[in-house]
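*Asks:* Task: produce atomic coordinates for the following.
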Amino acid sequence: MPNTPISVGEGAVGLMCGSSVTDEQHQLVHALFSRAGVAVDITEDQVHAFIAAAGSSPVSPSRSSRR
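*Replies:* Numbering: from 1, shown residues only. Below is the predicted model:
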């Protein structure tokens, strides 16, 4: 399901920067993913919450509408 919003520019992408990533590389990746929707910087502590919110939320309305 998360690929559908990205394909129409309405996705959500969480980005984490490792210590070997330069500012220039980070800006490039951020700009690329921003074209797919919202790109936000997240910390390792936020990964699971971001996945739950951005990746699983679209499934809930979809499943309830099939009942």
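*Asks:* how about the strands of the protein, start to end?
*Replies:* Shown for the chain, the strands assigned by DSSP state E span residues 11-15, 37-41.
*Asks:* closest one to Val29 among those?
*Replies:* Across the strands of the chain, Val29 has its closest neighbour in strand 11-15 (6.4 Å, CB to CB). Quick note: C-beta positions are derived from backbone N, CA and C, even for glycine.
*Asks:* Give me the contact list for the longest helix along the chain.
*Replies:* If each helix of the chain is counted by residues according to DSSP state H, the longest one is helix 23-34. Contacts to helix 23-34, defined as CB atoms under 8 Å, 6 or more residues apart in numbering, come from residues Val13, Leu15, Cys17, Ala39, Asp41.
*Asks:* re earlier: rank the strands of the chain by pLDDT, which is bottom?
*Replies:* Among these, strand 11-15 carries the lowest mean pLDDT, at a mean of 88.
*Asks:* Compute the number of surrounding residues for the nearest residue to Ala39 once chain neighbours are set aside.
*Replies:* Distance criterion CB to CB, 6 or more residues apart in numbering; nearest residue to Ala39, sequence neighbours excluded, is Phe33 at 4.1 Å. The local packing of Phe33 (other CB atoms under 10 Å) involves 18 other residues.
*Asks:* Would you mind measuring from Phe33 to Ile6?
*Replies:* 9 Å (CB to CB, to the nearest Å).
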